[in-house]
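> Pasting the sequence and the predicted model now:
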Amino acid sequence: MKKIREKISNKYLIERAAHNQKASSPTSDKSQEPSTADKQSDALPTLGDEPTKEGKNLEPLWLVTIGLIFMVLGFALGQLNQSNQNWLSNLENFLANQSDRQLEIKRPHTGSILPVETISVNRVDSYQMSRNFTGSIVARYTSQLGFERSGQLIRISVEEGERVQTDSPLAYLDTKNLKAQQQQLLAQRNQAVAKLEEMQAGPRSETIAAARASVRNVFSQLELAERKRSRRERLYQQGAISREQFDEAASETSVLQASLDQAKSELNKLLAGTRSERIKAQEAAIEQLDASLANLEVELEKSILKAPFAGTVSARKVDEGTVVSPGQTVLSLVENRVEARIGVPISAAERIQLGSIQSLQVGQTSYQAEVSSILPVLDSSTRTLTIVLTLDESANNEVSPGQIARLEIAELIPTDGYWLPTTALVQRGRGLWSCYVLGKPAQLESTASGTTNTFHVQRRDVEILHTESDRVLVRGTLQSGDLVIANGTHRLVPEQLVRPSEKLP
């Protein structure tokens, strides 16, 4: 800009000097009339001419205008010159630094060679990805306990949170009326049993003897009546007695004969014993009484509420004195053993085998759980299958129903790639990544130590497929067997000379 300003000033001075010289030079023929061009040139005011009347008025204005223009141009050129000088200074420094950096990189001496740690990469065709599925801990059995019969609740023998064993009595109903019925049925049964025993034993000998005596007595009376009838028959034929008297004797004989037949029948019955049909009928009556007593025993047992399994009383619904109806909930009982129910997608459930051992996370603790069943019905809301896992008995006292459980399932993903440590990655911006590998060996001059294990750094562009805690799976321009620089990538640039100090496993 300074040169431009100098050129403008020199051009102005040259034009002014030329104009002044032209105005002051004499003509060859003073008597000759001036030409039209000369008249026109003389009519224009110049800086070298003597000021005319009009020129005297315009000269100060031109001078002021020209002076202001030069002042403005000088100020602007000065500012622009200072700015350009700062920009040029910064550019010269940047180029100098870049030149020094390139010279430092390409400098063929071992003093600037960085030691690096490398790792050999190999291609893999798949990787495992762990997926977590959430479920809940539930008791294997949960029951709402109640009586099967109605009655007044007279006692509850457990409290909430109390652990009970199988068949432990929990609550009682009033059984006074049932016990009264039981006593009545027992008395009837005893009576029926005694009668059956009598039938089975047969008549007593005294009864048989009495029956025989009765037969003999009636027989004697019959013989006397027969003789009396015979005498009256002769007297009737002789006309000594009337027909009525003869008929009375004959009727008496007939009555005694009937009594003798009855006595003989009773004797024969006693001698033959009780009929089997009567014994069977009596036995059936006793069995009916036994059934009534058994039914009463069941009613008495139903008056005691017992624990169907070992567990913990979780809730108490009613108190003593309440008249409960059949099926009304009195106590809630949960089993001490717990299990986990977790919903997983169908694709994941197909890889789970019955009886397999899975890792289950409950809170901050991991437990080993066995897959006991896979429910075949798909959950309509979550579109998942329910996996039931049984925990070890040691976990029953550590976990509680309602806790959140997480099932971790390893899924094999088929894909080609290379595993790299996360420290080997270099971010290039816009989501692009790369890494540094050892390239071709460097040709260095021999040194006192004889070190020749030196390589040029080369960059390989990669794409991240999967990330774990301290490593990533990538694919890109890498090849099996490449030595990747594992860390310290912030100190490296392509074509830099490095020396591998250690190969990581």
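Thanks, I have the structure now. Small disclaimer: the values here were computed from a predicted structure and weren't measured. Residues are numbered from 1 along each chain as shown.

> what is the mean pLDDT for the host helix or strand of A194?
In this structure, A194 sits in helix 176-201 according to DSSP states H and E. Helix 176-201 carries an average pLDDT of 88.

> SS state for G481?
Of the three states, G481 takes coil under DSSP: H, G, I helix; E, B strand; the rest coil.

> how about it, phi and psi?
Note on G481: its backbone torsions stand at phi 90, psi -10 [degrees, to the nearest 10].

> residue contacts, the nearest residue to it once chain neighbours are set aside?
The spatial neighbour of G481 that comes closest, neighbours along the chain excluded (Cβ to Cβ, 6 or more residues apart in numbering), is S120 at 6.3 Å. Backbone N, C-alpha and C define where each C-beta goes, glycine included. Residues in contact with S120 (Cβ atoms under 8 Å, 6 or more residues apart in numbering) are G481, D482, L483, V484, K503.

> what separates S120 from V472, distance-wise?
Going from S120 to V472 by Cβ to Cβ, to the nearest Å gives 16 Å.

> And for P169?
Counting by Cβ to Cβ - P169 and V472 are separated by 64 Å.

> and what of K176?
80 Å.

> For those two, indicate the residue with more neighbours.
Each of K176 and V472 has its neighbours counted (other Cβ atoms under 10 Å); V472 has more, 20 against 8.

> Doesn't the more buried one belong to a strand?
Yes: using three-state DSSP, the assignment for V472 is a strand.

> right, and it touches L420 too?
Yes: the pair V472 and L420 passes the contact test of Cβ atoms under 8 Å, sitting 5.6 Å apart.

> Quick check: Q361 vs A405, distance?
From Q361 across to A405, the span is 7 Å (Cβ to Cβ).

> who has more neighbours, those two?
More crowded of Q361 and A405, by other Cβ under 10 Å: A405, with 24 against 15.

> That one: what's it in contact with?
Per Cβ under 8 Å, 6+ apart, neighbours of A405: T134, G135, S136, I137, A340, I342, L360, Q361, V362.

> Widest-spaced pair of these?
Greatest spatial distance in these: S136 and Q361, 12.7 Å, computed using Cβ to Cβ.

> what about the closest residue to L378 other than its chain neighbours, how many neighbours?
Nearest residue to L378 in three dimensions, chain neighbours excluded: L385, at 6.2 Å (Cβ to Cβ, 6+ apart). If you count neighbours by other Cβ under 10 Å, L385 ends up with 20.

> cool, A486 as well?
The number of residues packed near A486 is 20, by other Cβ under 10 Å.

> That one and I404, how far apart?
Going from A486 to I404 by Cβ to Cβ gives 39 Å.

> before we move on, what about I69?
Using Cβ to Cβ, I69 is found at 85 Å from I404.

> V498 too?
50 Å.

> out of those two, which sits in the more crowded spot?
Comparing V498 with I404 by neighbour count (other Cβ under 10 Å), the higher total belongs to V498, at 23 against 12.
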